[in-house]
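> Would you be able to build a 3D model of this:
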Amino acid sequence: MQSHFHSSLRARLIQLVLLAVLPALGVIVYSAGEQRITDNQEARRDTLKLVRIVSTSQQRLIDSTQHLLVALSLLPEVRAHNSSTCSDLFSSLLAEYPMYANLGAANVHGEQFCGAQMPVNISDRSYFRQALQRRNFAIGEYQIGRATDRATLNLAYPIRATEGRVTGVVFAALDLAWFQQTVGALNLPSYASLAVYDRRGTILARYPDADRLVGKPVPEGELAQIVSARSEGVVEAAGPDGQRRIYGFTSIGDGSREGQIFFHIRVPTGVALANADGLLWRNLAALFLV
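Numbers count the residues shown, from 1 in each chain. Okay, here's the model as predicted:
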């Protein structure tokens, strides 16, 4: 009888303890949920801020290339299609600008009359067609140069005669190996990854795994469509491996839909919420001990 009494009393005491603990447990779970929301929002802001910093640094390179091409298009040797003098000048300039694999100029038929490398026909290249059609600065897409046999991103600007008629295009081939070095020097967080790709979704630069992925289609095919529809933003999506990540994306370009370069930085959701999850488990452990 006494044993039954003690057993019953113990059960009631345990029930009382559980009833006392439940409100504390509810507060812990609620607080953890609020902390996850706050951390997620902060991670989204930080990811977008980081991708903006990266794109701004590369925008400076694009802008400086545009200024160079505008200056080259105004040179008398280029306007006159003087092959000998123009090629010597471009060869000298190429030695001073290691970021370029080639500098050249072609007439309206795409026949190169001036260049630091072997002359080729570029009439089928997108940057050449866009520069002629838009009569303005144009950015191409990933390509393997016919003259250089190197992976490049070409940029172009029209050559105009004195009366304003377009007589050709001057172009610069940005060496993607050099471009990749600038991306690798950005000191991104170890848990973040960066992809830079053209309008076709071909990777121009990647961190990490550049050697394996540059020149390949961006793995996140669905994400590429989202990014193409919006110029800048943050999304949370599952990658090819099923892991959810926060993606911050933006783009730069020449002002046309065709001449865009896309950037996205991805951060694993688990990393972004690690602080909130750690706080939850510590509080639960403390409550259990109590």
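> Any idea how many residues pack against residue 107?
15 (other Cβ atoms under 10 Å). Heads up, the C-betas are built off the backbone N, CA and C, glycines and all.
> can you check the one 3 residues further on too?
Other residues within reach of residue 110 by the criterion other Cβ under 10 Å amount to 17.
> State the distance from the nearest residue to it once chain neighbours are set aside to residue 105.
Using Cβ to Cβ, 6 or more residues apart in numbering and skipping residues adjacent in sequence, the residue nearest residue 110 is residue 123, 2.7 Å away. Per Cβ to Cβ, to the nearest Å, residue 123 is found 14 Å from residue 105.
> higher neighbour count, these two?
Neighbour totals were compared for residue 123 and residue 105, and residue 105 leads with 29 against 13 (other Cβ under 10 Å).
> How about the contacts made by the more buried one?
Residue 105 makes contacts with 72, 78, 81, 86, 90, 112-115, 159, 168-171, as judged by Cβ atoms under 8 Å, 6 or more residues apart in numbering.
> and it, what are its bridge partners?
residue 114, residue 170 (DSSP bridges).
> what separates it from residue 136, distance-wise?
Distance, residue 105 to residue 136, by Cβ to Cβ: 16 Å.
> Show me where the stretch 101-250 of the chain has its helices.
Assigned by DSSP state H, counting those that start in this stretch, the stretch 101-250 of the chain shows helices spanning 126-134, 176-184, 210-213, 221-229.
> Just say which of those helices is most tucked in.
helix 126-134 (a mean of 21; mean count of other Cβ atoms under 10 Å).
> How far off centre is it?
24 Å (Cα atoms, centre = their mean, to the nearest Å).
> Show me what it is packed against.
With contacts taken as 3 or more Cβ pairs under 8 Å, 6 or more residues apart in numbering; DSSP states H and E, helix 126-134 sits against strand 138-144, strand 151-160, strand 166-175.
> Only C-alpha atoms, please: export that helix in CSV.
The C-alpha trace of helix 126-134 is given here as CSV (Å, rounded to 0.1, in the frame of the first residue of the first chain):
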residue,chain,number,x,y,z
SER,A,126,27.8,37.8,-81.2
TYR,A,127,29.8,40.8,-79.9
PHE,A,128,30.6,41.8,-83.5
ARG,A,129,27.0,41.6,-84.7
GLN,A,130,25.7,43.5,-81.6
ALA,A,131,28.3,46.3,-82.0
LEU,A,132,27.2,46.8,-85.6
GLN,A,133,23.5,46.5,-85.0
ARG,A,134,23.3,48.7,-81.9
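> Give me the residues contacting it.
Contacts of helix 126-134 (Cβ under 8 Å, 6+ apart): 106, 108, 110, 122-123, 137-141, 154-158, 166, 169, 171, 254, 256, 258-259.
> For residue 149, state which of the contacts of residue 105 is nearest.
Nearest to residue 149 among the contacts of residue 105: residue 115, at 14.5 Å, using Cβ to Cβ.
> Next up, the contacts around the residue nearest to the closest one when sequence neighbours are not counted.
Of all residues not flanking residue 115 in the chain, residue 104 sits nearest, at 3.2 Å (Cβ to Cβ, 6+ apart). Neighbouring residues of residue 104 by Cβ under 8 Å, 6+ apart: 90, 112, 114, 115, 116, 117, 119, 147, 170, 171, 173.
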